[in-house]
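**Student:** My questions concern the predicted model and sequence given below.
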2 protein chains.
Amino acid sequence: MTIKTILGNSDFAEFLRGKKATFFLSLSNTDTAKIEGITQAGIPGMIHLTPTLDAEFLCTGEVRSLKNIATTPKGVPTPGLITRAAHMLHPFSALALLDLGLEIKPKIDYFPLYGFGLDPSGSIDTGANIDAVELFEKGVEFAEEYICRSDYIILGESVPSGTTTALATALALGYSARDKFSSSFKNAPSSMKESVVDTALSCCGEGDDLFEKLSRVSDNMLIFNAGFVLGLLKRKITTVLAGGTQMAALLLVINSILKHTNQTINSHNLALCTTKWVYEDPNSDIKGLLEMVDFPINAYYADFDFSLSSHPALKLYDEGEAKEGVGAGAALMYACLNGITKEQITRKVESFLG
Amino acid sequence: MTIKTILGNSDFAEFLRGKKATFFLSLSNTDTAKIEGITQAGIPGMIHLTPTLDAEFLCTGEVRSLKNIATTPKGVPTPGLITRAAHMLHPFSALALLDLGLEIKPKIDYFPLYGFGLDPSGSIDTGANIDAVELFEKGVEFAEEYICRSDYIILGESVPSGTTTALATALALGYSARDKFSSSFKNAPSSMKESVVDTALSCCGEGDDLFEKLSRVSDNMLIFNAGFVLGLLKRKITTVLAGGTQMAALLLVINSILKHTNQTINSHNLALCTTKWVYEDPNSDIKGLLEMVDFPINAYYADFDFSLSSHPALKLYDEGEAKEGVGAGAALMYACLNGITKEQITRKVESFLG
């Protein structure tokens, strides 16, 4: 297993070799996920539980709010299995959870679950109804107050239908991103997704400013983390965005906010890392999204697949079903940078499936 | 290798995954060990050297005050081998030694050996003769002054015949613990142990208060550490008691002191971890002992045995000879929580035996 560079060079990643990371998992529900058929990130009828279950499994190895690990209808298990495997083989120095509007809180003790008084955001086809300015500022404030005891932060997410809200967000902000977003599906239901996104965009008025647009078509994860990441960068805390096209959309939101507020940042301490499945996905274009960002950004993917496994549920990843989530790509990078092999990750993930 | 929960849930242990611990080894001699046949924790005639040798081996990998690693008469090597193996495979961030009344001080340089001006305690069949109030307060003061540079503390012990003094202590404090204590023997010499304990209990007068009872029938490790642990909890320093029924007895002492002084504590940051050999021992009942504690307590055992080894000395562990000591159970948990496997521990321990 190696780290491949999408943009920039390998030095940022190499510099993190052997260093310790705190892994943040951003958890959020958007009612967009309730539109039938829009996502396969979870169990039909219980999609809203996915972030809750991902948090429980990542922290404790147990799924407490439901009997089985969240699987998609085709039986693809959550990429959280990969993140948990990395954490068991070479633990993060801490796990931290951000409750960015959960329907059901995870049943876990000891682990910090940072709350910001947020409800799930609305469905974007009728208006997400987020107070984007306030939420962004909460992110900035959290970064200002946060005491980082690790060398760097990895920031992942679990937001069902988050690629749909990410696409809507990028388009609302004026990026030519229509065919560049990934999906938890192999054969993404693009016509449905596009029609939801088009409806969402039609909610935006001509005179809407940036934050008004975000309020209508985005999700809590993107808006809060735009503030959080900008706050971390101001404090020169090294941060890895752990995800694919959703995290690329976060960079686009940050890019737009910087322009909107006439600011610049030093992005030297920021990178993105995703999976090979996202990088190689023919239906999306992570590199294209990242190239729309005006500041320089290092981006990587972990060269991991399940070719060493014959487990049918895992082979589905290699076939393009499920590609990223729960920071799986960056967790693989973290494992790789600490001497863990593809074989070890494969065996550990298999051990969870029995 | 996994961590199994005896009481509470897995969250306390999971929260420690990837975190760094300082390992404290409490070393003490009680003349109780001089009663012939009461313990097999060491070399006949040189039982008093066991804590000294355990400290030397844990810190340096060498046994300096004697030519061979302490073995029991049947050839069972000290569980300190397991703790040393864990330390070599994923080192504790620091080792610290508590001299709670040693006959012979370990011959080691650099490692802190905290002294409190203590002599070995007396044999409990004639009276341990400990100034329990002063010793308890020394423990509290040490905790107040100690600067903890790790995420948490693991507190182990090496006290030959410590299960006998622990049993006497629990009974003197009024706990129904007669059949619940472990022994270094597979076939524990219970009639002899019981007769020593009964003689010890007969030394207690009707009007003895808690600390007077401890003065007569307990040992320095239990009394000092009751103060030490209470002091650590007051400072919210996360602490793992590394041991079996002796550490359960320490919790019973703490429980009685809290009642005696009309105090309560928040035990959220305290847990106990022992070995599978203690947990599965048919002659003792660690869970039963822990259930007599009035405050909630998380307790675990490391699911490790020597089934991957064919070394005859190690197979004796799986047959029930020697079960715990030198914090072996918690050291296994520490290793497991940092990605070390059963295979790695087994091979490392074997390498010590040649």
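**Tutor:** Nice, I can see it.
**Student:** so what's the residue of chain A found nearest chain B up against?
**Tutor:** Proximity of chain A to chain B (CB to the nearest CB) peaks at residue A:91, 2.5 Å away. Any C-beta I mention is one placed from the backbone N, CA and C, and that applies to glycine too. Taking CB atoms under 8 Å, 6 or more residues apart in numbering or on different chains as the criterion, residue A:91 is in contact with B:17, B:18, B:19, B:337, B:338, B:339.
**Student:** which helices and strands does the helix or strand encompassing residue A:201 pack with?
**Tutor:** Residue A:201 is part of helix A:190-203 when elements are defined by DSSP states H and E. Packing partners of helix A:190-203 (3 or more CB pairs under 8 Å, 6 or more residues apart in numbering or on different chains; DSSP states H and E): helix A:162-172, helix A:210-217.
**Student:** Would you mind listing the outside residues contacting the shortest one?
**Tutor:** Pointing back at helix A:210-217 there. Under CB under 8 Å, 6+ apart, the answer for helix A:210-217 is A:124, A:127-133, A:136, A:165, A:168-169, A:172-173, A:197, A:200-201, A:203-205, A:208, A:222-223, A:253, A:256-257, A:260.
**Student:** In ChimeraX, how would I select just the buried ones from those?
**Tutor:** Buried residues among those (16 or more other CB atoms under 10 Å in any protein chain shown), as a ChimeraX selection:
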select /A:124,128,130,132,133,136,165,168,169,172,173,197,200,201,203,204,222,223,253,256,257
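**Student:** who does the helix or strand that contains residue A:241 pair up with?
**Tutor:** Per DSSP H and E, residue A:241 falls inside strand A:239-242. Next to strand A:239-242 in the sheet, as set by DSSP bridges, lie strand A:152-158 (parallel), strand A:270-275 (parallel).
**Student:** Of the contacts of residue A:91, which ones also sit close to chain A?
**Tutor:** Contacts with chain A within those, counted by CB under 8 Å from any CB of the partner chain: B:17, B:18, B:19, B:337, B:338, B:339.
**Student:** can you list these in JSON lines and add neighbour count, pLDDT and distance to residue A:4?
**Tutor:** As requested, the ones next to chain A among the contacts of residue A:91 are exported to JSON lines (neighbours: other CB atoms under 10 Å in any protein chain shown; pLDDT from 0 to 100; distance: CB to CB, whole Å):
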{"residue": "B:17", "neighbour count": "21", "pLDDT": "97", "distance to residue A:4": "28"}
{"residue": "B:18", "neighbour count": "23", "pLDDT": "95", "distance to residue A:4": "26"}
{"residue": "B:19", "neighbour count": "18", "pLDDT": "96", "distance to residue A:4": "31"}
{"residue": "B:337", "neighbour count": "21", "pLDDT": "97", "distance to residue A:4": "31"}
{"residue": "B:338", "neighbour count": "21", "pLDDT": "96", "distance to residue A:4": "28"}
{"residue": "B:339", "neighbour count": "23", "pLDDT": "95", "distance to residue A:4": "24"}
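**Student:** of those residues, closest to residue A:11?
**Tutor:** residue B:18 (25.3 Å; CB to CB).
**Student:** Let me see the contact set for that closest one.
**Tutor:** With CB under 8 Å, 6+ apart, residue B:18 has these contacts: A:20, A:87, A:90, A:91, A:92, A:93, A:94, B:337, B:338.
**Student:** rerun at 6 Å
**Tutor:** Neighbouring residues of residue B:18 by CB atoms under 6 Å, 6 or more residues apart in numbering or on different chains: A:91, A:92, A:93.
**Student:** Just give the nearest non-adjacent residue to it, would you?
**Tutor:** residue A:91 (2.5 Å; CB to CB, 6 or more residues apart in numbering or on different chains).
**Student:** so is that neighbour in a helix, a strand, or just coil?
**Tutor:** Counting by DSSP: H, G, I helix; E, B strand; the rest coil, the backbone at residue A:91 sits in coil.
**Student:** Check the gap between it and residue A:58 for me.
**Tutor:** Separation of residue A:91 from residue A:58 (CB to CB, to the nearest Å) stands at 11 Å.
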